[in-house]
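Engineer: coords please:
(chains A and B, ligands or ions: 1)
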Amino acid sequence: MGRTLFDKIWDQHVVASMEGTDVLYIDRHFIHEVTSPQAFAGLRKRGIPVFRPQQTIATADHNVPTVDQHLPISEPQSRYQVEQLVKNCADFGVELYGLGHQKQGIVHVIGPELGITQPGMTIVCGDSHTSTHGAFGGIAFGIGTSQVEQVLSSQCLVVKRPKRMRITVDGQLPNGVFAKDIILYIIAQIGTGGGTGYFVEYAGSAIQNLSMEARMTICNMSIEMGARGGMIAPDETTFAYVKGKEYAPKGAAWEQALSYWRSLPTDPNATFDAELNYKAEDIGPMVTYGTNPGMGMLIGDSIPVPKNGLSKSFQKALDYMGVSAGESLQNKAIDYVFIGSCTNSRMEDLRVVAAYIQGKQKAANVKQVIVVPGSKKVEAEAIAEGLDQVFRAAGFEFRQPGCSACLGMNEDKIPAGAYCVSTSNRNFEGRQGPGARTILASPLTAAAAAIEGRIIDVRTLDPVMV
Amino acid sequence: MEKFTLIQSRAVPLPIQDVDTDQIIPARFLKATTKEGFGENLFRDWRYDKQDQPIEDFILNNPLYQGQILIAGENFGCGSSREHAAWALGDYGFRVVISSFFADIFKNNALNNGILPIQVSPEELDGLFQAIEHDPTTSFRVDLQTQTLQVKGEKEPIFFAVDPYKKICLLEGYEDIDYLLSLRDKIETFEQSKVLQ
Ligand code: SF4
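Structural biologist: All right, here's what the predicted structure looks like:
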């Protein structure tokens, strides 16, 4: 019987097995300041080194300011946490792309752009959006701090093999509809727990036609349906992206890698534990209305009115958001816009935004629009293309790289009660700051909200823009 | 890790679905570099208002409900991989979380910290909520060895599943890392045999 992409890679990395639990070898391990200090403390307590320091890469992203990064971090606890990362990496011989480093950025942005992320690999990080790296056709998933410690000390993890799910999206995406809309649409269909226990492979013509950056946006949000991770079969688009990147194999090693990568896609007769199919034509611009990413809808729809009445949890979510069942979010006035996060902070995202806002102005009712590039590299490229000027001319702030307002941990937060259209991945209560009301959307929908001051259907825009 | 054997306790009901790890411990409290002290900020934004005053109708502020067992709505622990969520629950004093469905990473993090996630059916979960509603002092007995949850006064216990490997870890207080460190030689051999990467 044929094998899936997932199984081919998993089987290649099993060091030992017992009673349905495997010891899985990890090729690449990313760490950051928030979920690693306790793991290093564990190593110190045991008096053991990092087993394979060359396979671990560190960066500071969650808890860093996005202005004046050349200055010491003003908030003492944040500064201490970032300093601890510097110390831990120095003590244990781990490469650090820390604050101010040319290669610093959100961990899920820098891995791929440096070519550290490659097809066929097992990749982990103490962060649930590690699934992003699956876009290259690898097994990538988020882990807790105890597991960070396990990987640091043994380059392995004790894990159960998840079930496999394939989500196929065929057809042609309508204009004005982006990868972000595809994944928000899928999550709205299956809910935040619909993928729990599964590793998802995204397939179908609509997925194959996506760029690598768009594929990353899709895989990034796999965790929002509860899936362990998401992946897309490597193909010519993947190879073209990886080729020539700093950490990518070169010369004969490249040819060898290529022949391995070409053997990875799921065999035609392989079977999955679950299969879901969607038509690209059914997908439109998406917005969320509630307090988890499953509470999303097409921009033309209204907030659902549950048949069996509103459950306590559903009502709580709507109350938090200040919306009601049956309401449409079209034309809803908003207060803030955040363009950034590991979901949508890459060059393609920034280009879409810049192309649309060129010559326009932020609406007066919008208090602040921040654009946060995913990495130093993205920042530099955006500046080289003059995008920073376009943002500033429109009244947007162009910041320095980091997770920023995605998680309400660093200085960038949305005030209580304010509506923020955000290109990030989570609209949980308080995610962008206590009381903040997050509406998740694509970069174009977010940019249009910034200019119009309200949520609009971007398909009504000049077709040249979309 | 502390060994897990038998827990006999009252329980705290939290009948909310999709409780995510940002609610269990908001991101602004993740700046610590140790594992201790997170219990203080468990469910922070539901527990305290903006002036840091306890919100009276939140369950943890109601002295009627207490114990080492948390009973929560479906899909508990979704969202971020932050182990701080498990540390916060443990630091607060919970050793068992019961729900009809758990998010994967949370479940793993809980097990790695000696907290037992018990998955029951939606009907059983309703029954547990009703038992506490009827009498907040209802006592529960969780026996990991026999994999049973006994509600005091009920005839039959509820049987729950637990991964055989994880069960040994919990009962003996073993951690995955102990096992992995014992495999060092095997891992090195594997590395040498691995052709690519
Ligand atoms: S951008 Fe947001 S979701 Fe992504 S790694 Fe940072 S905090 Fe996590």
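Engineer: pLDDT wise, what is residue 95 at?
Structural biologist: This is for chain A. pLDDT for A:Glu95: 98.
Engineer: can you look at chain B instead?
Structural biologist: 97.
Engineer: same question for A:Ala333.
Structural biologist: For A:Ala333, pLDDT reads 98.
Engineer: bridged to it, which residues?
Structural biologist: A:Arg454 (DSSP bridges).
Engineer: that one touches A:Gly453, doesn't it?
Structural biologist: Yes: A:Ala333 is in contact with A:Gly453 according to Cβ atoms under 8 Å; the separation is 6.1 Å. Bear in mind the C-beta positions are built from the backbone N, C-alpha and C, glycine included.
Engineer: neighbour-wise, which of those two wins?
Structural biologist: Using other Cβ atoms under 10 Å in any protein chain shown as the criterion, A:Ala333 and A:Gly453 rank with A:Gly453 on top: 18 against 13.
Engineer: state the distance from the more buried one to chain B.
Structural biologist: Applying Cβ to the nearest Cβ, to the nearest Å, the value for A:Gly453 to chain B is 27 Å.
Engineer: what separation is there between that residue and the ligand?
Structural biologist: 25 Å (Cβ to the nearest ligand atom, to the nearest Å).
Engineer: state the phi and psi torsions of that residue.
Structural biologist: phi 80, psi 0 (degrees, to the nearest 10).
Engineer: ok, back up a step: which neighbours do A:Ala333 and A:Gly453 have in common?
Structural biologist: Overlap of the contact sets of A:Ala333 and A:Gly453 (by Cβ atoms under 8 Å, 6 or more residues apart in numbering or on different chains) consists of A:Asn365.
Engineer: mind checking the longest helix of the chain?
Structural biologist: Using chain A here. Longest helix in chain A, counting residues (DSSP state H): helix A:76-92.
Engineer: nope, chain B
Structural biologist: With secondary structure taken from DSSP H, chain B has its longest helix at helix B:122-134.
Engineer: list the buried residues of the next helix or strand after that helix.
Structural biologist: Using DSSP states H and E, the next helix or strand after helix B:122-134 towards the C-terminus is strand B:140-143. By 16 or more other Cβ atoms under 10 Å in any protein chain shown, the buried positions in strand B:140-143 come out as B:140, B:142.
Engineer: please apply the same query to stretch A:55-68.
Structural biologist: Residues A:55-66 are the ones in stretch A:55-68 that count as buried (16+ other Cβ under 10 Å).
Engineer: equivalent analysis for stretch A:196-211, please.
Structural biologist: Neighbour-count burial for stretch A:196-211, counted by 16+ other Cβ under 10 Å, picks out A:196-204, A:206-208, A:210.
Engineer: ok, stretch A:372-387 next?
Structural biologist: Here stretch A:372-387 shows A:372-379, A:381-382, A:387 as buried, counting by 16+ other Cβ under 10 Å.
Engineer: what separates that stretch from the chain centre, distance-wise?
Structural biologist: 18 Å (Cα atoms, centre = their mean, to the nearest Å).
Engineer: averaged pLDDT, that stretch. What do you get?
Structural biologist: 98.
Engineer: need the distance between the two termini of it.
Structural biologist: 12 Å (Cα to Cα, to the nearest Å).
Engineer: next one: that stretch, is it in contact with the ligand?
Structural biologist: No: using Cβ under 6 Å from any ligand atom, stretch A:372-387 never reaches the ligand; the gap is at least 7.9 Å.
Engineer: how about that stretch against chain B, any contact?
Structural biologist: No: using Cβ under 8 Å from any Cβ of the partner chain, we find that stretch A:372-387 stays clear of chain B, coming within 15.9 Å at best.
Engineer: shaky segments in the chain?
Structural biologist: This is for chain A. Scanning chain A for pLDDT under 70 picks out A:463-466.
Engineer: correction: the question concerned chain B.
Structural biologist: Chain B contains residues with pLDDT under 70 at B:195-197.
Engineer: closest to chain B among the buried residues of stretch A:372-387?
Structural biologist: A:Val372 (15.9 Å; Cβ to the nearest Cβ).
Engineer: wait, the closest one sits on A:Thr66?
Structural biologist: Yes: the pair A:Val372 / A:Thr66 is scored as a contact, 5.5 Å apart, by Cβ under 8 Å.
Engineer: helix/strand/coil for B:Ser81?
Structural biologist: The three-state label given to B:Ser81 by DSSP: H, G, I helix; E, B strand; the rest coil is coil.
Engineer: ok, now which ones touch it?
Structural biologist: So B:Ser81 contacts A:35, A:126-128, A:142-144, B:21, B:105, B:109 (Cβ under 8 Å, 6+ apart).
Engineer: if we use 10 Å, what do you get?
Structural biologist: Residues in contact with B:Ser81 (Cβ atoms under 10 Å, 6 or more residues apart in numbering or on different chains) are A:35, A:124-130, A:141-145, A:147-148, A:223, B:21, B:103-106, B:108-109.
Engineer: any idea how far the longest strand seen in chain A is from the chain center?
Structural biologist: Using DSSP state E, we find that the single longest strand of chain A is strand A:163-170. Put simply, strand A:163-170 sits 19 Å off its chain's centre (Cα atoms, centre = their mean).
Engineer: now for that strand, which elements pack on it?
Structural biologist: Applying 3 or more Cβ pairs under 10 Å, 6 or more residues apart in numbering or on different chains; DSSP states H and E, we find strand A:163-170 packed against helix A:5-12, helix A:179-190, strand A:198-203, helix A:205-208, strand A:229-232, strand A:274-279.
Engineer: what do you get if the cut-off is 7 Å, keeping everything else the same?
Structural biologist: Contacts defined by 3 or more Cβ pairs under 7 Å, 6 or more residues apart in numbering or on different chains; DSSP states H and E place strand A:163-170 against strand A:198-203, helix A:205-208, strand A:274-279.
Engineer: which residues are in contact with the shortest one?
Structural biologist: Residues lying outside helix A:205-208 but in contact with it, judged by Cβ atoms under 7 Å, 6 or more residues apart in numbering or on different chains, are A:169-171, A:173, A:218, A:232, A:235, A:280.
Engineer: buried subset of these, written for PyMOL?
Structural biologist: In PyMOL, this line selects whichever of the contacts of helix A:205-208 come out buried by 16+ other Cβ under 10 Å:
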select buried, chain A and resi 169+173+218+232+280
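Engineer: out of the contacts of helix A:205-208, who's nearest the ligand?
Structural biologist: Comparing those against the ligand with Cβ to the nearest ligand atom places A:Ile218 closest, at 14.5 Å.
Engineer: thought that closest one was touching A:Leu184?
Structural biologist: No: using Cβ atoms under 7 Å, A:Ile218 makes no contact with A:Leu184, being 10.2 Å away.
Engineer: so what's A:Ile370 closest to, chain neighbours aside?
Structural biologist: The spatial neighbour of A:Ile370 that comes closest, neighbours along the chain excluded (Cβ to Cβ, 6 or more residues apart in numbering or on different chains), is A:Glu397 at 4.8 Å.
Engineer: so the one you found sits right up against A:Lys367, yeah?
Structural biologist: No: A:Glu397 lies out of contact with A:Lys367 (Cβ under 7 Å); the separation is 11.2 Å.
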